[in-house]
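1. give the three-dimensional model of this entry:
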Amino acid sequence: MNLKSYTNRLFVVLSIVLLICACGTFIVRSINFALYPFPLENGEGICAHMSFLLKHAMLYKKLTELPYIVANYPPVFFILNFFSLENNIFTIGRLLSAISILGSGFVIYRIIFLLSGNLFASILGAVFFFIYPFVNRAGMMYRVDMAASFFSLLGFYCIIQNRKNRFFWGGFFFILGLYTKHTVWAGPLAGYLYCFINNRKHALKPFIYFITTGAVLFLVISLITKGEFFNHLLRYNMYSYSFDRLFYYSNNLLSYTGILFVFITSVFFSKKFYRSPVFLYLIFSVLSLFLLGREGASNHYLFEICYACCLTAGLGIAYIDAETQKIVVRIVVFLLVVVHISLHGEIFEHLQVPDSIRTLDRIAVDKIKSEKGRVLAEDTGMLLVAGKTVYMHSFAISKLVEKGVFPKNLFYGLFHQRFFNMVILDSKLTELKPQTVMRFTKESLYLIYEYYEHEASIGNYEFYTLKKD
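-> Numbering: from 1, shown residues only. I've put the predicted structure just below:
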């Protein structure tokens, strides 16, 4: 074995060690979080409730009677969660998200290797993905975002292989992705455009099948729901836009990408990169960032651009390696990767929910269970765990009230009539957090202040009960 072959194997082994560390901590956290019986964030309860409504054929209904629920996602993720564990309604959904993350890491590795043939760079591309904190920690939630992004990336991988037998599977996974979350368009746009550029004859028919299948599915579901699928997905989903919100989340991406920009920028010196499908994917994923300005957007909208950054960084390392072919350069690259990981050392922390938070969540659920009347909560998941009926998702309905789409008398009437015996907020009315302000109208918060009094603070929850006359 010559020195070059030995060093190549050595750096591959070292990159595998990094992958095991990053992937291992993710798996440990995923298992611990999947078994946690309470919601980890507000969005989990909303998705879990939509799964419940689909199971009982109550999703995509007219907003003329309770429950007032806007089902602003397509049904695939909820279908996959059709069965849930009785002792933990979140486990299956979280495991689906965790599997999607593991699958995404593998597909990133496969795409880089397909385009570069560099094993060292391909493994590091996967490592970068697991290092992103909002992937390693937030991505495993019971939400549609990660599964949708994974389906779309898998479709992209199938399409760019530019083989007839893979076009069908590419379209299939694109449909799955878009009918899990209808905004994951970076993969289909980049994949089909790349195929049109390189093999228009083979790409045209699969593209027509993809568009036709997606349109027919949309039409069929809309007909079954008497037009409500269209309303919930599009008409009721037009929220306000803020460039401040866009810049805030974009800054999060930049701060966590950090050293990767060294590798990302290096690949732009390669003429070959501009003919790569990853170049197109990068363009469309950057354009998808504009969705971050929508009210209600969060770090969960960043998964596609994370894919693009990891793919581009991996190809950047492959380019540097091919151009230099020097051991010292590989050492520098490897050290930069280690520094990048050390700067995001928080992924190795908090591998499970602290016992103190678990205790407080249990106390909060017990208090909700003890309330015999109706309860409204920002965190829908707590109501589901407590076995309570969910009558309304406050954020979506509040936005429709502000737009004049949902009748104000129905919404405010619930408060004037003291329909809810208890209201649970994520912050005190005297110290409102931005999230609470976003999830209610000003008038509804005033009515809560008028008719309810603060009873208890338990963990992250503030309990309000009806004032005594």
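2. what residues are up against residue 276?
-> The neighbourhood of residue 276, defined by C-beta atoms under 8 Å, 6 or more residues apart in numbering, consists of 115, 315. Yep, even glycine has a C-beta here, placed from its N, CA and C like the rest.
3. how many neighbours does the closest residue to residue 424 other than its chain neighbours have?
-> Leaving aside its sequence neighbours, residue 424 sits nearest to residue 377 (C-beta to C-beta, 6 or more residues apart in numbering; 3.9 Å). Residues lying near residue 377 (other C-beta atoms under 10 Å) number 26.
4. what sits against residue 377?
-> Contact partners of residue 377, counting by C-beta under 8 Å, 6+ apart, are 368, 383, 423-425, 461.
5. torsion angles phi and psi at the residue sitting nearest the centre point of the chain?
-> When C-alpha atoms, centre = their mean is applied to the chain, the residue found nearest the centroid is residue 145 (2.9 Å). Torsion angles at residue 145 (phi, psi; degrees, to the nearest 10) stand at phi -60, psi -50.
6. can you pull the buried residues of the helix or strand encompassing residue 215?
-> If you go by DSSP states H and E, residue 215 is part of helix 186-224. Neighbour counts over helix 186-224 (16 or more other C-beta atoms under 10 Å) mark 186-195, 203, 206-207, 210, 214, 218, 221-222 as buried.
7. show me where pLDDT drops low in the chain?
-> Within the chain, the ranges that satisfy pLDDT under 70 run 1-4, 345-346, 469.
8. could you pull out the strands for the chain?
-> Counting by DSSP state E, the chain has strands at residues 375-377, 422-425, 452-458, 461-466.
9. could those strands be laid out in TSV, adding distance to residue 51?
-> Shown next, in TSV, are the strands of the chain (distance: least, C-beta to C-beta, whole Å):
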stretch	distance to residue 51
strand 375-377	18
strand 422-425	21
strand 452-458	26
strand 461-466	23
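10. list just the nearest of the contacts of residue 377 to residue 328.
-> residue 461 (55.5 Å; C-beta to C-beta).
11. okay, and the beta partners of the closest one?
-> Beta-bridge pairing of residue 461 under DSSP bridges involves residue 458.
12. quick thing: my sequence starts at 14, can you match it?
-> Okay, using 14 as the starting number, the last item reads as residue 474.
13. spit out the contact partners of it.
-> Contacts of residue 474 (C-beta under 8 Å, 6+ apart): 377, 390, 392, 395, 437-439.
14. quick one: contacts for the residue nearest to the centre of the chain?
-> So residue 158 contacts 152, 194, 313-314, 316 (C-beta under 8 Å, 6+ apart).
15. at 7 Å instead, please
-> Contacts for residue 158 (C-beta atoms under 7 Å, 6 or more residues apart in numbering) come out as 194, 313, 316.
16. these two touch, right, the second one and residue 153?
-> No. No contact is recorded between residue 313 and residue 153 when judged using C-beta atoms under 7 Å, the distance being 11.1 Å.
17. compare those two (neighbour count), which wins?
-> Just comparing residue 313 and residue 153: by other C-beta under 10 Å the higher neighbour count belongs to residue 153, 26 against 20.
18. neighbours around residue 54, how many?
-> Counted with other C-beta under 10 Å, residue 54 comes out at 15.
19. how far away is it from residue 391?
-> 11 Å (C-beta to C-beta, to the nearest Å).
20. hmm, who's touching stretch 105-115?
-> With C-beta under 7 Å, 6+ apart, stretch 105-115 has contacts from 39, 43, 46-47, 60-61, 93-94, 96-98, 148, 152-156, 159-160, 163.
21. sort out which of these are buried, if you could.
-> 39, 43, 46-47, 60-61, 93-94, 97, 148, 152-156, 159-160, 163.
22. kindly reformat the contacts of residue 390 as JSON lines containing distance to residue 137.
-> Shown next, in JSON lines, are the contacts of residue 390 (distance: C-beta to C-beta, whole Å):
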{"residue": "381", "distance to residue 137": "46"}
{"residue": "396", "distance to residue 137": "44"}
{"residue": "436", "distance to residue 137": "49"}
{"residue": "437", "distance to residue 137": "45"}
{"residue": "438", "distance to residue 137": "44"}
{"residue": "474", "distance to residue 137": "42"}
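23. where along the stretch 264-413 of the chain do the helices fall?
-> 273-279, 290-301, 316-337, 340-356, 368-383, 393-398, 407-416 (DSSP state H, counting those that start in this stretch).
24. any chance of these in TSV, plus mean neighbour count?
-> Shown next, in TSV, are the helices of the stretch 264-413 of the chain (neighbours: other C-beta atoms under 10 Å):
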stretch	mean neighbour count
helix 273-279	19
helix 290-301	21
helix 316-337	25
helix 340-356	15
helix 368-383	15
helix 393-398	24
helix 407-416	21
